[in-house]
Structure formats: C-alpha cells, structure tokens
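Trainee: Would you be able to build a 3D model of this:
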Amino acid sequence: MTLEPGDVVQLKSGGPLMTVVAVEKGEVRCIWHSQSAEALCSALIPAAALDHIDLADDEDLDEEEED
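Mentor: Coordinates of the predicted model:
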C-alpha cells in the first residue's frame, strides 16, 4: 500500500480517521481532530499500523441507507 498526503487512514486497531500529511521512510505523519481534547493532533505512525480508508465506498453505503 502506498500512502500519499491527503489520504485518509485509520489504525488497524481502530480509532479516529486521520489525514496523511507526509510519508517519511516507512512512517506516516498523520493529523486528526480530537473531539475529547478539542484540538488538532499529530503523530508519526509506522505505515504497517495503518489501513487506507476509501471514503468513496462509505458514500455509497450512505446512499444505500437512505433508500
């Protein structure tokens, strides 16, 4: 899996959706909004710990639920 800035990811173990801002030697710099802290958070996470989230698939599910 190749990640690029702007991709949406999530930890394989779950958690908030995060946005990739940089990829650095097998690690991915991500940002996300923490509702509990009401702040923008950032972390450098190993790429192996992340799943790419395809938001287009989620939009299709939302449309099916509305029918």
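Trainee: The helix or strand hosting Val28: partners in the sheet, and parallel or antiparallel?
Mentor: Per DSSP states H and E: Val28 is located in strand 27-34. Paired neighbours of strand 27-34 in the sheet (DSSP bridges): strand 18-24 (antiparallel), strand 39-46 (antiparallel).
Trainee: In which helix or strand does the spatially most central residue of the chain reside?
Mentor: Centroid-nearest residue in the chain, with Cα atoms, centre = their mean: Val9, separated by 2.2 Å. Using DSSP H and E, Val9 falls within strand 8-11.
Trainee: Only alpha carbons, please: show that strand as PDB.
Mentor: The C-alpha trace of strand 8-11 is given here as PDB (Å, rounded to 0.1, in the frame of the first residue of the first chain):
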ATOM      1  CA  VAL A   8      -7.400   9.100   4.900                       C
ATOM      2  CA  VAL A   9      -6.200   6.400   7.200                       C
ATOM      3  CA  GLN A  10      -7.100   4.600  10.400                       C
ATOM      4  CA  LEU A  11      -5.100   2.500  12.800                       C
END
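Trainee: And that strand, what does it pack against?
Mentor: strand 18-24, strand 50-53 (3 or more Cβ pairs under 8 Å, 6 or more residues apart in numbering; DSSP states H and E). In this view, the C-beta of every residue, glycine as well, is placed from N, C-alpha and C.
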